[in-house]
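**Student:** Here you go, sequence then predicted model.
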Amino acid sequence: MNLISIPALRDNYIWLLQNDRQECIIVDPGESAPVFAALAEHQLTPKAILLTHHHHDHVDGVPDLLTRFDLPVYGPLETADKGADHIIGDGDRINVLDLTFLVMSLPGHTLGHIGFYSAPYLFCGDTVFSAGCGRLFEGTAQQMYDSFQKVKQLPPDTLLCCAHEYTLANLAFARSIMPQYDEIAAYEREIKQLRAKNQPSVPTTLRLEGKINVFLRCHDIDLQNKLDPHNTLHEEWRIFALLREKKDHF
Ligand SMILES: [Zn+2]
């Protein structure tokens with residue numbers, strides 16, 4: 001399989017996953033033009049569209065793509081009016097491109113948000129970002145924390161295919177929280193160089209995120225002591241909620 005990230009809109013990535021027969025799936029097409037260009041460049045035939053949630057920067061390219069290709073569109077109920085004709089939910093399995101994807105409910109950013117997992121790929125939309133976490137537009141911090149716990153249970157070599165290039169801003173925030181963590185500072189320097197060359201910082205691995213993503217580290221005693229020095233929060237999800245709140249005002 002070959003994974004292709006297509007930069008779109010301001011800071012989105014549309015993902016293509018292709019097999020060795022030049023067939024592909026399209027994940028979260030927020031616009032159509034760069035998808036048509038990538039399909040032509042790589043000479044690919046699309047077989048399906050996968051949608052993680054209903055936001056316009058993930059679905060607006062669907063109608064255009066459907067005028068050119070007759071494709072099944074898989075998505076949660078909240079995308080039914082955005083072109084999804086195969087409505088799926090937690091625990092469903094879908095077969096596309098000779099792969100079986102497990103549908104994982106990942107609420108928090110939106111209430112119906114889902115992820116698509118077929119090892120090693122996880123298309124996680126706006127749930128987990130490299131070094132960060134999606135905004136809570138519809139769900140609660142506790143829901144997003146639970147979604148992160150689900151993702152955390154996947155194998156460490158899982159490739160997180162995030163839908164935005166937010167890594168540098170997330171690393172600046174992570175460093176402000178845990179300035180003593182050399183791994184975060186070192187990774188920030190690495191990604192600055194990468195982005196200066198306009199290279200994408202995703203996909204990322206769950207193994208790496210376990211080190212640099214503070215939202216995946218709410219079990220970390222040092223982080224807990226930093227955020228909650230008087231030990232009043234008690235539960236890990238409350239540490240997560242406090243981090244999300246601090247990031248909103250960063
Ligand atoms: Zn979104």
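**Tutor:** Right, received. Where do you want to start? Residues are numbered from 1 along each chain as shown.
**Student:** if I pick Leu39, what's in contact with it?
**Tutor:** With contact set as Cβ atoms under 8 Å, 6 or more residues apart in numbering, Leu39 has these partners: Leu16, Cys24, Thr45, Pro46. Just so you know, the C-beta spots here come from the backbone N, C-alpha and C atoms, and that holds for glycine as well.
**Student:** The first one should be in a strand, yeah?
**Tutor:** The reference is to Leu16. Yes. When DSSP: H, G, I helix; E, B strand; the rest coil is applied, Leu16 is found to be in a strand.
**Student:** List only those of the contacts of Leu39 flagged as buried.
**Tutor:** Among the contacts of Leu39, those that count as buried by neighbour count (16 or more other Cβ atoms under 10 Å) are Leu16, Cys24, Pro46.
**Student:** picking up where we left off before, of the contacts of Leu39, which pair is most distant in space?
**Tutor:** Set against one another by Cβ to Cβ, these have their most distant pair in Leu16 and Thr45, with a gap of 11.2 Å.
**Student:** Now for these two: what residues contact both?
**Tutor:** Counting by Cβ under 8 Å, 6+ apart, the shared contacts of Leu16 and Thr45 are Cys24, Leu39.
**Student:** Can you give me the neighbour number for Glu245?
**Tutor:** By other Cβ atoms under 10 Å, the residues close to Glu245 number 12.
**Student:** do Val151 as well
**Tutor:** Other residues lying near Val151 total 20 when counted by other Cβ under 10 Å.
**Student:** The single longest helix found in the chain: how far from the chain's middle?
**Tutor:** For the chain, the helix with the greatest residue count under DSSP state H is helix 182-196. Between the mean C-alpha location of helix 182-196 and the chain-wide mean there is a distance of 20 Å, by Cα atoms, centre = their mean, to the nearest Å.
**Student:** tell me which of the buried ones among the contacts of Leu39 is nearest to the ion?
**Tutor:** Relative to the ion, the closest of the buried ones among the contacts of Leu39 is Leu16; by Cβ to the ion it sits at 19.2 Å.
**Student:** Could you pull up the residues touching the residue lying closest to that closest one once chain neighbours are set aside?
**Tutor:** Nearest in space to Leu16, with sequence neighbours left out and distances taken as Cβ to Cβ, 6 or more residues apart in numbering, is Ile4 at 4.2 Å. Neighbouring residues of Ile4 by Cβ under 8 Å, 6+ apart: Trp15, Leu16, Leu17, Gln18, Cys24, Ala38, His42.
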